[in-house]
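Undergrad: Here is my input, please return the structure:
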Amino acid sequence: MVEKRDKKERLARTIVADFFLYNQDKIDKGLQNDNFFELLKGEIEDSENFFRENAGSDLTVFWDTLFNRLMQREAKLLEMSK
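TA: Alright, predicted model coming up:
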């Protein structure tokens, strides 16, 4: 059971890392303009679908990972704007 969760967490981290790597400008723009989900809807859906296909229908680990990374990025953007 623990091994399965570890695999899901690793997959989620990998997907989110790729999401950030390939969409950094859009992510920053979406966070700054408060339209992140609208701006990146397609990319988020693609990432969700990939996770679902490879790890099952429970997206909790994926969303936890994405939100944690988003909060880190938003904090960094706020710090840079000071």
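Undergrad: going forward, measure contacts and count neighbours with C-alpha atoms only.
TA: Noted.
Undergrad: Where do the helices of the chain begin and end?
TA: Using DSSP state H, the helices of the chain run over 2-32, 36-39, 41-55, 60-80.
Undergrad: what comes up buried for the last one?
TA: Within helix 60-80, the residues that count as buried by 16 or more other CA atoms under 10 Å are 61-62, 65-66, 69-70, 73-74.
Undergrad: ok, for the residue nearest the centre of the chain, nearest residue in space, not its chain neighbours?
TA: The chain has L66 as the residue nearest its centroid, 3.0 Å off, counting by CA atoms, centre = their mean. In space, and not counting its chain neighbours, L66 is closest to V16: 5.9 Å by CA to CA, 6 or more residues apart in numbering.
Undergrad: and that neighbour, what is it in contact with?
TA: For V16, the contact set (CA atoms under 8 Å, 6 or more residues apart in numbering) comprises 47, 62, 65-66, 69.
Undergrad: out of the residues you listed, who's nearest A12?
TA: Checking these against A12 by CA to CA gives F62 as the nearest, at 4.9 Å.
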